[in-house]
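Q: how would this look folded up:
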Amino acid sequence: MRILYLHQFFITRAGVGGTRSYEFARRFAARGHAVRMVTAGSGSRSVDGIEVFGVPGGYSDYVGATAVAYPRRMLAFATFALSATFAGLRGPRPDVIYASSPPLTMALPALAAAARWRAPLVFEVRDLWPEAPIQMGALRNPALRRLAHSLERFVYRRSARIITLSPGIREGVVHAGASAERVALVPNASDLELFTPALDREAERRRLGLGEGLVCSYFGTMGEANDLRQVIDAAPLVRDVTFVLLGDGKRRGELEQRAPANVRFLDPVPDKASVARLAAASDACLTIFKNVPVLATNSPNKLFDTFAAGRAAIVNTDGWMRELVEDNEAGVFVRPGDSGDLAEKVAWLRDNPVEVERLGRNARALAEREFDRDALAARALAVLEEAAR
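A: Here you go, the predicted structure:
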């Protein structure tokens with residue numbers, strides 16, 4: 001089967017960020033399928049059996065895209081969509097087209113390629129666009145909102161199948177008009193090889209100078225959606241705890257200026273292995289979002305990497321993420337935007353080290369049981385094969 005895979009942010013383990021498209025594509029290729037990846041970048045190359053075709057015009061990493069003002073970001077997304085459209089119209093003919101959003105503008109090259117090749121389209125929805133930028137206050141123009149919603153409904157209708165990453169996203173897609181029988185759930189996966197409790201926890205603590213107290217880490221984007229002010233405000237309320245924040249984004253400078261003494265910022269790292277070592281050095285890992293309803297539908301990589309690392313998860317979004325950590329006793333839920341509640345829960349973790357270890361063991365078991373990447377890649381491939389038939 002020939003698969004035309006469209007995703008703007010194609011990142012391998014040599015980079016930092018979500019690697020879903022790389023991990024899935026290399027597994028498709030290992031099963032004998034021909035995979036052509038159209039992504040942001042320049043030139044063509046082969047990566048683990050994947051034919052990667054880079055096109056200009058957009059940001060190649062999501063952190064870079066979210067670090068700029070929204071109008072400039074939208075222009076970059078549109079420019080990439082145009083370049084990707086031309087690339088997708090080139091041969092050879094695919095048996096199926098697999099396009100991953102956000103941004104929603106990925107629908108444009110996906111629809112064009114599907115029409116050009118008369119091939120079925122499988123559209124993947126990682127975040128609910130345009131609802132996310134609307135609720136975040138980034139998309140305010142009424143005419144643009146209507147246009148975005150029209151594009152959303154149109155691509156859902158024209159897709160043979162739709163892949164969603166969480167139950168909340170699935171509900172949103174169905175609410176937007178997609179028939180439920182065409183919508184599959186394939187959540188983000190845990191990297192069970194890279195993130196593991198077997199890593200040397202003490203060696204990384206010594207390297208970072210973290211000492212013996214409880215360590216809560218955050219790794220990811222520091223932007224509008226990840227409202228880390230809750231962490232900054234909670235930190236001075238709890239003693240003998242170190243908060244370590246790793247990543248970059250448009251809010252990092254502001255957060256650093258407000259941070260108390262027990263919050264440490266680490267410089268961005270070159271690869272995911274460095275992130276895995278930080279997770280190993282931690283006792284608990286934070287998955288924090290702004291208190292905006294649509295963000296509770298997310299399926300964030302950092303949470304599933306926390307599970308794989310065997311560390312207690314701290315989440316602040318109600319819904320699926322809360323259910324995962326509470327129903328499986330793999331972490332704790334804190335009220336969104338409530339720094340006092342975060343401080344109280346972290347203090348409880350500090351005072352109950354045996355429970356912290358138990359939560360971590362349960363988290364790893366959950367990752368192995370439900371979020372194994374081989375199993376989820378096989379589920380996605382089955383959707384593609386069904387659409388191609």
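
Q: any idea how far the nearest residue to residue 259 once chain neighbours are set aside lies from residue 189?
A: Using C-beta to C-beta, 6 or more residues apart in numbering and skipping residues adjacent in sequence, the residue nearest residue 259 is residue 232, 5.5 Å away. Using the backbone N, CA and C atoms, a C-beta is placed for each residue, glycine as well. Residue 232 is 30 Å from residue 189, where distance means C-beta to C-beta, to the nearest Å.

Q: in terms of neighbours, single out the busier of these two.
A: Neighbours were counted for residue 232 and for residue 189 using other C-beta atoms under 10 Å; residue 189 has more, 27 against 20.

Q: next up, the contacts around that one.
A: 20, 23, 304, 371-373, 376-377 (C-beta atoms under 8 Å, 6 or more residues apart in numbering).

Q: contacts only, for the residue nearest to it when sequence neighbours are not counted.
A: Nearest residue to residue 189, sequence neighbours excluded (C-beta to C-beta, 6+ apart): residue 373, at 3.8 Å. The neighbours of residue 373, taking C-beta under 8 Å, 6+ apart as the test, are 23, 27, 189-192.

Q: which SSE is the residue nearest to residue 259 in?
A: Per DSSP states H and E, residue 232 falls inside helix 229-234.

Q: go on, residue 332?
A: strand 331-333.

Q: residues touching that strand, excluding its own?
A: Counting by C-beta under 8 Å, 6+ apart, 284, 306, 312-316, 318, 322, 325-326, 345, 348-349, 359, 363 sit against strand 331-333.

Q: out of these, who's the most crowded?
A: residue 306 (32 neighbours).

Q: so that one: helix, strand or coil?
A: helix (DSSP: H, G, I helix; E, B strand; the rest coil).

Q: distance-wise, check it relative to residue 95.
A: 37 Å.

Q: got the buried residues for stretch 216-232?
A: For stretch 216-232, the neighbour count (16 or more other C-beta atoms under 10 Å) marks 216-232 as buried.

Q: these in strands, which ones?
A: Those of those mapping onto strands are 216-219, per DSSP state E.

Q: contacts only, for the residue nearest to residue 259.
A: Counting by C-beta under 8 Å, 6+ apart, residue 232 has contacts 255, 258-260, 263.

Q: my guess is residue 311 contacts residue 281, does it?
A: No - the criterion here is C-beta atoms under 8 Å, and residue 311 misses it with residue 281 at 9.6 Å.

Q: so between these two, which is more surrounded?
A: residue 311 (30 against 23).

Q: now do the contacts for the more buried one.
A: Neighbouring residues of residue 311 by C-beta under 8 Å, 6+ apart: 279, 282-285, 360, 363.

Q: return the subset of those residues lying in strands.
A: 284-285.

Q: rewinding a little: okay, the ones in strands among the buried residues of stretch 216-232 in a markdown table with pLDDT and distance to residue 341 next?
A: Compiled in a markdown table, these are given as follows (pLDDT from 0 to 100; distance: C-beta to C-beta, whole Å):
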| residue | pLDDT | distance to residue 341 |
| --- | --- | --- |
| 216 | 98 | 14 |
| 217 | 97 | 19 |
| 218 | 97 | 17 |
| 219 | 95 | 22 |
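
Q: can you tell me which of these lies nearest to residue 354?
A: residue 216 (17.4 Å; C-beta to C-beta).

Q: quick one: the closest one and residue 238 touch, right?
A: No - the pair residue 216 and residue 238 fails to qualify as a contact (C-beta under 8 Å) at a distance of 9.3 Å.
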